[in-house]
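Enquirer: Could you look at this predicted model? Sequence included:
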Amino acid sequence: MDLIALAVPFFLLLLILEIGIDRLRKTHFYRLNDAINSLSIGTLSTLFGYFTNLLPIAIYGLALQHLSLFDMPLSWFDFSPTGIALWVLALLAWDFCYYWAHRCGHEISVLWAAHAIHHQSEDYNLSTALRQTSSGFLFGWIFFLPLFVAGFPLEVIIAVNAIDLIYQFWVHTQLIGKLGWYDRVFVSPSNHRVHHAQNARYIDKNYGGVLILWDRVFGTFQEELDDDPVIFGVRKPLSNWNPLWANLQVYAYLLFDARHAARWRDKVAIWFRRTGWRPADVEARYPKTHHPLPEFRKFDPTMPERLRSYVLTQFIVTTAWGLWMGAMYAEHGLGAVLFPGLTLIAALHSFGLLTEWRPSAARFEVIRLGILTPAGILLTAQAGLLPFSTELIAAVPIYSVLSFAWFKHGESEPLLT
Ligand SMILES: [Zn+2]
Ligand SMILES: [Zn+2]
């Protein structure tokens, strides 16, 4: 039973509810472009995860076979007092490992390159929670090996991972204020807002997953203060809506520095030293400028009104396509998601271009609707995997082309250059 997949409909329902409340109260916690970017990044992470998770799964399998110090049978984890105590122990162990994984994810450059994407949003809402990396599989597994060495059953480890992850969804909201004692024991909206801040006082604080107690023990706790309102985002902003580039941005910065460092020792150290560290020669030749925080403005290119409607409807259709792919993957495995996945990537890339309304956006959208989407649907249909009749599915690109023509017809605002 995949608890995370089961939670997805509830995530979406809560998201819609939060958007509704945001509209009613006019709090402006949501922007269409930012939310589409975050959700696109979450969808990509799920899609790539179907393929990349094979690496940690293989490593964990080997660890269970060869490194387990104790043998804890699954039958021990029942509803007896001992069984419940073992569940709590497993959850605590996972949450402890999560704290260190997350802390290193901020404090070591190559790990920050994977995790930074979760922090690039300059808004803070439930869509931010789904904004997850596609490259966490490279090193993230290392931190959870101790549970396999301890001999917890695989089913228990999968379950506590899911519980920890699902718990973290609801804390990504500005609708809930401070919660008194709860803020001091558990990760909560207030103390996780601090974690997403770029204010100097709040940087590298509140790493906990379920318990904030770890931060209090290891000296990384910071309370949200009324006289220092949180400004969300990262100090080196993403400044575009491309979900693929969002995954690569920090790697690209590190690669740039590594290429330009004179000493080989520095070329290696760049990846593994404290986040932000740069060799002196690179810093001297290519100094980084940080704008003072009071000058901070959110990245927010304007979109023509019809374009907003167009992208939103396309995004809803694409999300349905992505959810259907999740079911296909569960039923038929990797082969079933290859071609639909490529059409999904093309769509999400296109939404990035459209929300920025770059000159290449219309051109790419025409190629997507005219060639990439029909080809993807055709190949999926040939594999006998389409959920509805081919006619109905073929109607999607036709509808899309017509609505795109409608948008282009009404377009009056100039392109960005
Ligand atoms: Zn973080
Ligand atoms: Zn977060």
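Expert: Everything's here; your move. Fair warning: this is a prediction, and the values are worked out from it, not measured in the lab. Ligands and ions are numbered 1, 2, ... in the order given.

Enquirer: how far is stretch 284-303 from where the chain is centred?
Expert: 22 Å (Cα atoms, centre = their mean, to the nearest Å).

Enquirer: wait, what's in contact with the residue nearest the centre of the chain?
Expert: Nearest to the centroid of the C-alpha atoms of the chain, with distances taken as Cα atoms, centre = their mean, sits Gln132, at 1.4 Å. By Cβ atoms under 8 Å, 6 or more residues apart in numbering, the contact list for Gln132 reads Ile41, Gly42, Ser45, Ile117, His118. In this view, the C-beta of every residue, glycine as well, is placed from N, C-alpha and C.

Enquirer: Repeat the analysis, applying 6 Å as the threshold.
Expert: Gly42, Ser45 (Cβ atoms under 6 Å, 6 or more residues apart in numbering).

Enquirer: SS state for it?
Expert: coil (DSSP: H, G, I helix; E, B strand; the rest coil).

Enquirer: mind checking how far it is from Gly341?
Expert: 17 Å (Cβ to Cβ, to the nearest Å).

Enquirer: His119 too?
Expert: 26 Å.

Enquirer: These two: who's more crowded?
Expert: The residue with more neighbours, out of His119 and Gly341, is Gly341; 23 against 20, by other Cβ atoms under 10 Å.

Enquirer: what ranges of the stretch 251-400 of the chain fall below the confidence cut-off?
Expert: Low-confidence segments of the stretch 251-400 of the chain (pLDDT under 70): 387-394.

Enquirer: any idea where the helices of it begin and end?
Expert: Ranges of helices in the stretch 251-400 of the chain, per DSSP state H, counting those that start in this stretch, are 264-272, 280-285, 305-332, 338-356, 359-367, 373-382, 390-410.

Enquirer: how many other residues sit next to Trp181?
Expert: With other Cβ under 10 Å as criterion, Trp181 counts 7.

Enquirer: Start the count at 798 instead of 1 going forward.
Expert: Got it, first residue is 798 now, which makes that one Trp978.

Enquirer: From Ile1009, how far out is it?
Expert: The value you get for Trp978 to Ile1009, if Cβ to Cβ is used, is 11 Å.

Enquirer: With Glu904 instead?
Expert: Relative to Ile1009, and taking Cβ to Cβ, Glu904 is found at 18 Å.

Enquirer: And for Gln1019?
Expert: 10 Å.

Enquirer: Ok, Trp891 next?
Expert: In terms of Cβ to Cβ, Trp891 sits 15 Å off from Ile1009.

Enquirer: again, but for Ile881
Expert: Distance from Ile881 to Ile1009, by Cβ to Cβ: 23 Å.

Enquirer: So for those two, which sits in the more crowded spot?
Expert: When Ile881 and Ile1009 are compared on other Cβ under 10 Å, the one with more neighbours turns out to be Ile1009, at 26 against 12.

Enquirer: Quick check: the more buried one vs Tyr979, distance?
Expert: From Ile1009 to Tyr979 the distance is 9 Å (Cβ to Cβ).

Enquirer: Please apply the same query to His863.
Expert: Taken as Cβ to Cβ, the span from His863 to Tyr979 is 41 Å.

Enquirer: Could you do Lys1033 as well?
Expert: Distance from Lys1033 to Tyr979, by Cβ to Cβ: 33 Å.

Enquirer: Out of the helices of the stretch 1048-1197 of the chain, which is closest to Phe808?
Expert: helix 1102-1129 (11.2 Å; Cβ to Cβ).

Enquirer: Would you mind listing the buried residues in that closest one?
Expert: 1103-1108, 1111-1112, 1115-1116, 1118-1120, 1122-1123, 1125-1126 (16 or more other Cβ atoms under 10 Å).

Enquirer: go on, stretch 1129-1142?
Expert: Ala1133, Val1134, Phe1136, Pro1137, Gly1138, Leu1139, Thr1140, Leu1141, Ile1142.

Enquirer: Next, the residues that contact it from outside, please.
Expert: In contact with stretch 1129-1142 (Cβ under 6 Å, 6+ apart) are residues Leu844, Tyr847, Gly1119, Met1122, Met1125, Tyr1126, Thr1170, Gly1173, Leu1176, Thr1177, Leu1182.

Enquirer: leaving aside the residues next to it on the chain, what's closest to Trp897?
Expert: Using Cβ to Cβ, 6 or more residues apart in numbering and skipping residues adjacent in sequence, the residue nearest Trp897 is Phe940, 5.6 Å away.

Enquirer: got it, and His915?
Expert: Using Cβ to Cβ, 6+ apart, the nearest residue to His915 is Arg928, at 5.5 Å.

Enquirer: Look up the pLDDT of the one you found for me, please.
Expert: On the pLDDT scale, Arg928 is placed at 97.

Enquirer: Roughly how far does it sit from Arg1032?
Expert: With Cβ to Cβ as the criterion, Arg928 and Arg1032 are 17 Å apart.

Enquirer: the more surrounded of the two?
Expert: Neighbour count, other Cβ under 10 Å: between Arg928 and Arg1032, Arg928 has more, with 23 against 14.
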